[in-house]
Each structure stands twice: as structure tokens, then as C-alpha cells.
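J.: Any chance you can model this:
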Amino acid sequence: MTTIGFIGVGQMGSGMAKNLAKAGFQVRAFDLNKAALKAVAKAGVKPVGSLAEVAKGAGIIFSSLPSFAAAEAVYFGKDNILSHVAKGTILIETSTITLDIVRREAAAAAAKGCELMDAPIAGGPWGAAAGTLTVMIGGAKAAFKKAEPAFRAIGEKIIHVGPSGHGMVAKLCNNMLLQAHYIALCESFALGERLGVDGKTLYNTLSQASARSYLMDNYCPAPGATANSPANEGYTRVTADGHIILKDLTVALEAAKSVRSPVPLTANAFALYTMFVNGDKRGLDWSGAYTLFSDQIAKPKRALRKRK
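T.: Got it, this is the predicted structure:
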């Protein structure tokens, strides 16, 4: 069985690394967070102390990183992963990063005689833990075939989108739709509550109509409307914070700018999430952006009663 290196075992990476080990791969993981390494070690993942140890004997190396800077450091820093890999290694970048960064990573890997595949993921931390992620893959077909057993260990829907970079294109398009849709959900539920229909009733109605969606079912913004939404815990169960959403939307905005494609809804979502991150609700789950809309509900209700 192929030895796999794994860089970054945070909320998403930990689940993926554990599922690779569960599938029988020998997995060696590196993370600056020692507690995160200790957690995955309980599931059969071997913690290592450097990128050199990650690369040693690994035929495939995954990276799951939280920021552009972290990705740049891993691939282009003074002690980078490419300075340690053997020729023919397949590198799999699951982080959501800009097209510019992923293209430079792919070019640098090719210069070392390796293949880099951009393979961003969707499905949240619970999808990573359950091995049910959707994986959107860009890269050569031959490399995809070699790495497919590893992809099958982490995901349920494995989609080879096309050549290098196309996986990231699919992910940024997914994120644009996701965040624009969530802002629309916030507007809708806040308006419904202002007009006197409580969130649970509104969900029970809209979920039986054409507006039903994955986000409405799993991230319904109104507290108590569904059983599993972070809203029920005051948005304190953090699946991803607002900074991650801003990063993901930045990827989309930069890509749109590079080809002069108008994205007004994405720009508005970015502005609203900037307000959320810079406000007094920082540290909440990203779905806590509903507080930008719902905190004002009480005032219009009183005003309406006064005008009668």
C-alpha cells in the first residue's frame, strides 16, 4: 500500500488523514499544532516533525492548509516540501487557494518531475470525518488514476473536472453560489420574522417548496428552525469562521477580475462577511452572519405596532 504524507491536520485535514489510515494507507502527518497531531495519532496516523519526514518514501502527499500564506510557505518557503520530494511523487492540494498560487505550485512540482493536482473539497468537517466529501480535481488523467484509491478513501463524490487548475475553478464557483445563497437565506428569514412568521414555521413551509436547499436544511439561519444548525447553539459550534469565508470569496473575486467577469452578488457577500468579521460577533461560525440581519428584527416590529 502507498505511503501517504499529509500536511495540515486541522478541521478538514484531520478527518481526511484518519480516513486514509482507516483505508490501510501508511500515513505520516505534519502540522505546526502539536495537539492536532496528537489527536490524529490515536487513529493510526504517524506524527512527524518536519516536511522532510512527510516526504520520505511517500508516493502521494496531501496538503490541507487554512490560508494563502500557509500554502505559500509549504511550497515556496525556505524549507519547502518540493525540496524533499522524490521524482514522480503526486502532490494533492486540497486547500482553497488562488488560481495563481495553485498554478505556481503545479509549475514548481513539474520542474521537480512531480505532478500536482488541485483537489479542493466540499462537505464540511463532518464530511471530512465521515469520508463523504465531494472532491473536485484538476490535473493529468494518469495522475488521477494513480491517486484515485486515495481520493476514494476521503470522499464519496470524486470528480475529475479537467486539467490543472480546473478543480479550483469548480470550487470557487461552488463557494460563490454557497455564500450568495446563504445571504439570500438570511434576508428571507429575517424578513419573514419581521413580518410575523417565526423561523421554524418558515422553514417547515419553505422546505416543502421550490426554495428548499442543502443550506436551508443544514445551516438554517433561524435558531430552533432545524435540528442540526449551528444557529441552535448561538453559532458557537464553528464549522468554519468568517475569515475562511472571506478567503474563499477572495479566490472567486480575484479569478473574476482576471477575466473581467462581473460578480456583483459575490462582491456583496464579501462586503457583508467583512462587516461580520470586523464586528462584535467575530469567532462565531460563518452562518452567524445572520446576526447582521436578525439583530434588528425587534425594532421594526415595535415600529409597526406604533403605526397601527
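J.: quick one: low-confidence ranges for the stretch 101-250 of the chain?
T.: Within the stretch 101-250 of the chain, not a single segment meets pLDDT under 70.
J.: where along it do the helices fall?
T.: Listed in chain order, the helices found in the stretch 101-250 of the chain under DSSP state H, counting those that start in this stretch are 124-130, 141-154, 166-194, 199-206, 214-218, 242-258.
J.: Quick check: buried residues in the helix or strand following the last one?
T.: As assigned by DSSP states H and E, the chain's next helix or strand after helix 242-258 is helix 264-278. Of the residues in helix 264-278, those buried under the neighbour-count criterion (16 or more other C-beta atoms under 10 Å) are 266, 269-270, 272-273, 276-277. The C-beta positions use only the backbone N, C-alpha and C, and glycine is treated the same way.
J.: closest to residue 210 among those?
T.: Each of the buried residues of helix 264-278 was checked against residue 210 using C-beta to C-beta; the closest is residue 269, at 22.1 Å.
J.: Next one: the residue nearest to residue 110 when sequence neighbours are not counted from residue 26, what distance?
T.: Taking C-beta to C-beta, 6 or more residues apart in numbering, and ignoring the residues beside it in sequence, residue 110 has residue 116 as its nearest neighbour in space, at 7.5 Å. The span separating residue 116 from residue 26 equals 21 Å under the rule C-beta to C-beta, to the nearest Å.
J.: out of the two, which sits in the busier spot?
T.: residue 116 (29 against 16; other C-beta atoms under 10 Å).
J.: you'd agree that one is up against residue 103?
T.: No: look at residue 116 against residue 103 with C-beta atoms under 8 Å: they stay out of range, at 9.6 Å.
J.: just checking, residue 75 is part of a helix?
T.: Yes: counting by DSSP: H, G, I helix; E, B strand; the rest coil, residue 75 is found in a helix.
J.: so who does it touch?
T.: Listed by C-beta atoms under 8 Å, 6 or more residues apart in numbering, the contact partners of residue 75 are 81-82, 101, 104-105, 108.
J.: closest one to residue 33 among the helices of the stretch 101-250 of the chain?
T.: Put simply, out of the helices of the stretch 101-250 of the chain the one that sits nearest residue 33 is helix 124-130, at 15.2 Å, with distance taken as C-beta to C-beta.
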